[in-house]
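Enquirer: Compute the structure for the input listed below.
(2 chains)
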Amino acid sequence: MAEYQKVYGIGGEFDSAGSLMQAAEKIRDLGFKKWDVHTPFPVHGMDAAMGLGKSWLSGPVLVGGATGTLTAALLTFIPSWGIYPMIVHGKPFDWRVLPAFFPIFFELTVLFAAFSTVIALLVMDQLPKWYHPVFNWDHFKKVTDDGFFIVIEARDPKFSEVKTRELLESLGGKHVTLIQD
Amino acid sequence: MANLSTDSVTLNTPPEMQRVPLVQNQRSLSWITEKVSRIVEEPTPIWWWVAFLLAAPLAMVGLFCIGYQISNGVGMWGENKTVGWAWDITNFVFWIGIGHAGTLISAILFLTRQKWRTSINRAAEAMTLFAVVCAGIFPGIHVGRVWMAWFLAPVPNGNAIWPNFRSPLLWDVFAVSTYFTVSVLFWYTGLVPDLATLRDRAKGKVARFVYGVFALGWRGSNRQWRHYEMAYLLLAGLSTPLVLSVHSVVSFDFATSIMPGWHATIFPPYFVAGAIFGGFAMVLTIMLPARLLYPQLDDLITRQHVDKMSKIILLTGTIVGYAYLMELFIAWYAGNKYEAFTFFRARIGVDNSGWYAWSYYCMMFCNVISPQLFWIKKLRTNYVAVFVVCMFVNVGMWFERFVIIVTSLAQDFIPSSWRHYSPSVVEVWTFIGTFGIFLSLFLLFMRFLPMIAMSEVKIVTPEADPHHHKPDGAHSNGDLH
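Expert: Residues are numbered from 1 along each chain as shown, chains lettered A, B, ... in the order given. Just a heads-up that it's a prediction; the model follows:
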């Protein structure tokens, strides 16, 4: 079949977390941008080796947690002050009741923050994803077992089918393969 | 999780100070994947069917009893007027407490960098969820008219009625539902990379599809792991105060009342310690048989793990014992006549005046004396001894709640309102039924999901350390025997 097939990138397998990290440092220093390493577990120090900074996932979580606190404040104070003032044990129902609402403030803060964490994770990791070209590479299945991979994407300006292959091979990559989209 | 990577053993460390490896026999990464995934992939073993066919009918009996009570009303419970909270709230507090160990292992031990948690956290978290499911049943049906349970939620309704936000019972609704939801989120987040492993190994189309859907298309890329680790850390950070708050709020149900025996400021820390204590006992009660049934996991769940969990049981059991004694001291020192009566007569049974004094001694023996055996190292690493002590603790922690609730309510302020309490048949079978529900859910979990967090255990192997140099002769694929 002479059908046109788009190239996604070139991938290579490395035999250990250590060699993967050294290769990643080299690729980072060569100025590649659109590439990724794939590992069965998070490798300590890989973010720096890839030139990635700290994850800013905590930002949305802070916003989510603050929303939770605010929701709890409105939820407890609006009925208490306005629409359903309830006098229990002869205790006040104005601002002095605040300590009695702390458990609800706390719980809703945690609940909203936890949901924001998971939602932010899904958004930032672009999950769920039904299809990804890396799975077209049969060998890639090992990534969730004991495989360490580097994939350089074709959309990287420095990408070249010949030179990138040579680069990965020179860094110790095995089974270097062209991945179709 | 990256911060959990293995310490590289320096050559200068004297042999007696080197750490015992968490994964024994230098198992390779693929060995871990193979052994843990195989449990799910193998044909269902016969013992599983035997266990399931024992647990599932019990669960059905429990569900039948729940239906029976809903259709006939809470009069089916043996609670009479003054003892309005009895087995139902005892069981609720018992189950919710058990859940705490799972969150402690997954969150607090994560923040404190206790790497040994990795091989037990998945199963313990699952246990948390199932225990909270069992716990939720009791207050749910105890409200009497279950179809009105939505009144617990603060939603605008046609009657313009709002719940009392100052009631600890309402705090409980928020605390328990938040706890369950956050535990599910945490558990599922941890499962995603392992579900991807099962997806990539799946032979059948259905399995690959189902695991694939739940794995969300995870591909282990470092750009994903980066956010994933942050999310995991944040969830652990959120769960840590949460787990401490849940049993504190449960204890407020008692502590904010004026019942002698309940009205005590020591309750929140005492309940939290008790929850962790009872929870670890339940984790071991489940893990020890599981370990026996899956001997291939010996290298992952080692004697070291059992030893450490026993130490936590010893510590928390001793805290609980301190709380019991402090309650007695305050009952004497504070000079409140009613409190003194509850503790010294209703509970300890001075002058044979405590109807339920036997339950107090049962609690004291199981919770305070039995865990003291764990001072002896030989007993901490002897599985039979650990199992026996854990069974005592399970019984003792149930009795603790029974003592708190029943001794206070059965013999309270006015002798004319004293009532004896005994559970009804429906009540007893509902409780037994929750064990059926718990075990059935756990057996299903063992069958369909990876019992051990593979991606996390891999981090604690020496191979995971990027600065690790393989010793001569070792090869990454290892032998799979």
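Enquirer: buried set for the longest helix anywhere in chain A?
Expert: Criterion DSSP state H: the longest helix present in chain A is helix A:98-124. Residues of helix A:98-124 classed as buried under the neighbour-count rule (16 or more other C-beta atoms under 10 Å in any protein chain shown) are A:100-101, A:103-118, A:120-122, A:124. The C-beta positions use only the backbone N, C-alpha and C, and glycine is treated the same way.
Enquirer: ranges for the strands of chain A?
Expert: A:7-14, A:35-38, A:148-153, A:174-180 (DSSP state E).
Enquirer: Could you list which of the buried residues of helix A:98-124 also contact chain B?
Expert: The subset of the buried residues of helix A:98-124 within reach of chain B, counting by C-beta under 8 Å from any C-beta of the partner chain, consists of A:100-101, A:103-104, A:106-108, A:110-111, A:113-115, A:117-118, A:120-122, A:124.
Enquirer: so who does residue B:389 touch?
Expert: Taking C-beta atoms under 8 Å, 6 or more residues apart in numbering or on different chains as the criterion, residue B:389 is in contact with B:281, B:310, B:313, B:370, B:371, B:373, B:374, B:379.
Enquirer: Tell me the buried residues within these.
Expert: B:281, B:310, B:313, B:370, B:371, B:373, B:374.
Enquirer: Surely the fifth one and residue B:312 touch.
Expert: No. Counting by C-beta atoms under 8 Å, residue B:371 does not reach residue B:312; the two are 10.0 Å apart.
Enquirer: and residue A:65, what is it in contact with?
Expert: Neighbouring residues of residue A:65 by C-beta under 8 Å, 6+ apart: A:109, A:110, A:112, A:113, A:116.
Enquirer: could these be laid out in TSV, adding pLDDT?
Expert: Formatted as TSV, the contacts of residue A:65 follow (pLDDT from 0 to 100):
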residue	pLDDT
A:109	97
A:110	97
A:112	97
A:113	97
A:116	97
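Enquirer: can you redo those residues as a markdown table with distance to residue B:192?
Expert: Below are the contacts of residue A:65 laid out as a markdown table (distance: C-beta to C-beta, whole Å):
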| residue | distance to residue B:192 |
| --- | --- |
| A:109 | 25 |
| A:110 | 21 |
| A:112 | 21 |
| A:113 | 19 |
| A:116 | 17 |
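Enquirer: now, which of these sits nearest residue B:66?
Expert: For the contacts of residue A:65, the closest approach to residue B:66 (C-beta to C-beta) belongs to residue A:110, at 29.6 Å.
Enquirer: check contacts around that closest one.
Expert: Under the criterion of C-beta under 8 Å, 6+ apart, the contact partners of residue A:110 comprise A:65, A:68, B:178, B:182, B:238, B:241, B:242, B:245.
Enquirer: Drop anything exposed from these.
Expert: Neighbour counting with 16+ other C-beta under 10 Å marks A:65, A:68, B:178, B:182, B:238, B:242, B:245 as buried within these.
Enquirer: And the helices in the stretch 351-481 of chain B?
Expert: For the stretch 351-481 of chain B, the helices identified by DSSP state H, counting those that start in this stretch occupy B:357-364, B:377-380, B:383-402, B:408-410, B:425-448, B:454-459, in order along the chain.
Enquirer: let me redo that: chain A
Expert: When secondary structure is read from DSSP H, chain A shows helices at A:17-29, A:46-50, A:58-77, A:98-124, A:161-170.
Enquirer: out of those helices, nearest to residue B:143?
Expert: For those, the distance to residue B:143 is smallest for helix A:98-124, at 19.4 Å, taking C-beta to C-beta.
Enquirer: what's the angle from the closest one to helix A:58-77?
Expert: Counting by axes from the mean of the first three to the mean of the last three C-alpha atoms, to 10 degrees, helix A:98-124 lies at 150 degrees to helix A:58-77.
Enquirer: residues near residue A:34, how many?
Expert: The local packing of residue A:34 (other C-beta atoms under 10 Å in any protein chain shown) involves 14 other residues.
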